[in-house]
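S.K.: when you get a sec, could you give me coordinates for this:
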Amino acid sequence: MSSRRLESVSASFLLDAQDFFHGLWPTPGKKFLNRLNKGKDWGHLKTLALTSRLLHPGVPNVEIEKLLRAAGATAALMPKLEVMELWNAGQGHACYFRFERDETPTITLQGTWDLKPALI
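M.R.: From the prediction side, this is the model:
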């Protein structure tokens with residue numbers, strides 16, 4: 001697929017992050033299903049920006065944690081990834097997750113409600 005050679009993907013509101021990360025989504029009995037083949041599928045990707053309906057105050061924290069775990073597993077398999085942003089906003093709520101890989105890798109998670117994911 002020629003899109004696998006892209007260096008930047010921004011598909012906000014076109015593709016849910018949960019669908020993008022489906023190959024590494026935590027499932028009962030398995031931590032992650034690894035269908036990404038060690039980063040070869042998106043080996044050129046440097047920046048990724050997606051929205052997710054799971055970043056919403058009405059979603060249980062455990063579901064948000066699954067999203068962030070899958071995002072982290074995906075980032076680990078993308079050797080050139082520099083920035084990953086996941087976000088969602090609507091009337092009265094907003095949430096923003098950012099992973100930045102540089103000399104000191106940084107994770108930022110902000111929301112308009114009390115976010116308590118156990119893995120951060």
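
S.K.: okay, strands next: where are they in the chain?
M.R.: Counting by DSSP state E, one finds strands in the chain at the ranges 8-10, 47-51, 83-90, 93-100, 106-111.

S.K.: including distance to residue 63 and mean pLDDT, could these go into JSON lines?
M.R.: Just so you know, the C-beta spots here come from the backbone N, C-alpha and C atoms, and that holds for glycine as well. As requested, the strands of the chain are exported to JSON lines (distance: least, CB to CB, whole Å; pLDDT from 0 to 100):
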{"stretch": "strand 8-10", "distance to residue 63": "23", "mean pLDDT": "93"}
{"stretch": "strand 47-51", "distance to residue 63": "15", "mean pLDDT": "97"}
{"stretch": "strand 83-90", "distance to residue 63": "13", "mean pLDDT": "97"}
{"stretch": "strand 93-100", "distance to residue 63": "12", "mean pLDDT": "96"}
{"stretch": "strand 106-111", "distance to residue 63": "14", "mean pLDDT": "93"}
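
S.K.: ok, which of those comes nearest residue 61?
M.R.: Comparing these by their distance to residue 61 (CB to CB), the top pick is strand 106-111, with 10.9 Å.

S.K.: point out where this protein drops to low pLDDT.
M.R.: 1-3, 25-41, 117-120 (pLDDT under 70).

S.K.: go ahead and flag the most central residue of this structure.
M.R.: Central residue of the chain (CA atoms, centre = their mean): residue 71, 3.4 Å from the mean position.

S.K.: OK, contacts around that one?
M.R.: Taking CB atoms under 8 Å, 6 or more residues apart in numbering as the criterion, residue 71 is in contact with 17, 21, 84, 86, 97, 99.
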